[in-house]
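Trainee: I'd like to go over a predicted model; first the sequence, then the structure.
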Amino acid sequence: MICGAGCSRNSDERPEAITDFYRDSFEVIGRGTWSFVKVYLCKGSANAYAVKVRQKHKMPVRQTWKYAEKHKWEFAEEKKILSKLGLHSNIVLFITSFTEQAQHFQVFERLYGADLYPSVTGKYGGSHCEKDVVGYMRDILNGLRYCHEKKIIHRNVIPPNLFLTNSGSVKLVGFSLALYAKHDAGCYGIVGTAGYRAPEITWVDVYCYRVDLFACGCILYNLLTGSHPFIHNTRERPFSLTPAWKLISRWARDLVTKMLFFDPNKRITAAQALDHPFFHDVGRVGLNDNLTIAVEELTKFTEHKLWERVASCDDRPYLCQSLRIRKHYGKV
């Protein structure tokens, strides 16, 4: 049995303290805005687990006193979503959670590897091909398709939330902004990371699972060209101006275009994307077997954390484009 997993099923049997099942190794393997990830060892088997620790006193003052109940509810909702996901080869496995007076703990399987982008640039060092990208994107889309079948929207598919394991598979992590779509009517709320956020979220409009596919389009473009599709201007097809764009296969260009449609009704779904020729014609001559330029640019993109600059900028490119689209479809 996984350490503490059985006890998480029955609150009467589970002690409140995480230290009843795990001991802290004091090894920090990741940090976020309001949380960090440490390695804990199971007392019964000495197996290692990754524990996400959210400290209440590290949150802004306005969140600690005015929104204390809100964050308590959000933590409970996140636990429900993680529990619904269960076991999948392309999603980090959630074990259990603990709540103490000053901290929230979430226990996950310990993953061995690194974030996807640093792994790509470090592993290939100038030798990178579309066949590699096919494998990465297939794993990402498989994970998202599973989430969407469970009626869960990730809403924050960004580079730090993609983990490449030592076995070569990509796993989705970072479900703190995920949402359980109870109804088919759609969802509301401005969340996610600007630059990977779908335009309909910026419109403050109703949205659905396809917001994750827009982020996937940005990720796929990153891996193929080494840059971001919307970092230069506000044209409807700004990504076609990148020099590396002309070097990738037509199937890759076609998939990126279908993922980055500003109109969500035209945007491809995860299941449809997995049926795209890009994933089934790996042996064809059209696939580029040398994406050296992409690796060089992706190295700069990763080392200088350019994705954070894109994420920290405002959404004027989206707003300019969305206003034109909303006017065209009679939404303004």
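Mentor: Great, that's in hand.
Trainee: Name the SS class of residue 268, please.
Mentor: The three-state label given to residue 268 by DSSP: H, G, I helix; E, B strand; the rest coil is coil.
Trainee: Just give me the longest strand of the protein.
Mentor: Counting residues, the longest strand found in the chain (DSSP state E) is strand 22-31.
Trainee: Quick check: pLDDT value at residue 59.
Mentor: The confidence metric pLDDT takes the value 55 at residue 59.
Trainee: Now residue 54: which helix or strand?
Mentor: Following DSSP states H and E, the helix or strand that holds residue 54 is strand 48-55.
Trainee: Pull out the buried residues from that strand.
Mentor: The neighbour-count check on strand 48-55 (16 or more other C-beta atoms under 10 Å) flags 48, 49, 50, 51, 52, 53, 54 as buried. C-betas here are computed from N, CA, C, even on glycine.
Trainee: Who does that strand pair with, and is each partner parallel or antiparallel?
Mentor: Within its sheet, strand 48-55 is paired with strand 35-42 (antiparallel), strand 103-109 (antiparallel), according to DSSP bridges.
Trainee: mind giving me a markdown table with those and columns for mean neighbour count and distance to residue 130?
Mentor: Listed next are the strands paired with strand 48-55 as a markdown table, based on neighbours: other C-beta atoms under 10 Å; distance: least, C-beta to C-beta, whole Å:
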| stretch | mean neighbour count | distance to residue 130 |
| --- | --- | --- |
| strand 35-42 | 18 | 32 |
| strand 103-109 | 20 | 30 |
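Trainee: surely residue 146 meets residue 86?
Mentor: No - using C-beta atoms under 8 Å, residue 146 is not in contact with residue 86, being 9.2 Å away.
Trainee: Show me which of the two is the more surrounded one.
Mentor: Set side by side, residue 146 and residue 86 show more neighbours around residue 146, with 18 against 11, by other C-beta atoms under 10 Å.
Trainee: you'd agree the more buried one is in a helix?
Mentor: Yes - judged by three-state DSSP, residue 146 forms part of a helix.
Trainee: thinking again about what came up before, lowest pLDDT pick from the buried residues of strand 48-55?
Mentor: residue 54 (84).
Trainee: Roughly how far does it sit from residue 81?
Mentor: Noted for residue 54: a distance of 15 Å to residue 81, by C-beta to C-beta, to the nearest Å.
Trainee: do you know how far residue 205 is from residue 180?
Mentor: Using C-beta to C-beta, residue 205 is found at 20 Å from residue 180.
Trainee: likewise residue 44?
Mentor: Distance from residue 44 to residue 180, by C-beta to C-beta: 32 Å.
Trainee: do the same with residue 30
Mentor: Residue 30 sits 25 Å away from residue 180, going by C-beta to C-beta.
Trainee: Quick one: low-confidence residue ranges for this protein.
Mentor: Flagging of the chain using pLDDT under 70 yields the residue ranges 1-2, 4-16, 56-73, 121-128, 183-186, 204, 231-242, 281-332.
Trainee: mind running it again at 50?
Mentor: Along the chain, segments meeting pLDDT under 50 span 6-14, 61-66, 124-126, 233-237, 283, 285, 307, 311-332.
Trainee: Break it into its domains for me.
Mentor: 7-109, 113-328 (automatic domain parsing).
Trainee: The closest residue to residue 259 other than its chain neighbours - how many residues pack around it?
Mentor: Leaving aside its sequence neighbours, residue 259 sits nearest to residue 217 (C-beta to C-beta, 6 or more residues apart in numbering; 3.0 Å). By the criterion of other C-beta under 10 Å, residue 217 has 25 neighbours.
Trainee: ok, now residue 91?
Mentor: Neighbours of residue 91 using other C-beta under 10 Å come to 23.
Trainee: cool, residue 214 as well?
Mentor: 25.
Trainee: who touches the closest residue to it other than its chain neighbours in this structure?
Mentor: Ranked by C-beta to C-beta, 6+ apart and with sequence neighbours excluded, the top spatial neighbour of residue 214 is residue 198, at 3.8 Å. Residues near residue 198 by C-beta atoms under 8 Å, 6 or more residues apart in numbering: 192, 207, 210, 211, 214, 215, 264.
Trainee: Including distance to residue 255 and secondary structure, could the residues you listed go into TSV?
Mentor: Output for the contacts of residue 198, formatted as TSV (distance: C-beta to C-beta, whole Å; DSSP: H, G, I helix; E, B strand; the rest coil):
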residue	distance to residue 255	secondary structure
192	21	coil
207	21	strand
210	14	coil
211	17	helix
214	13	helix
215	14	helix
264	17	coil
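Trainee: tell me the contacts of the closest residue in space to residue 27 that isn't next to it in sequence?
Mentor: In space, residue 27 comes closest to residue 39 once its chain neighbours are excluded; the distance is 4.3 Å by C-beta to C-beta, 6+ apart. Contact partners of residue 39, counting by C-beta under 8 Å, 6+ apart, are 25, 27, 29, 48, 49, 50, 51, 110.
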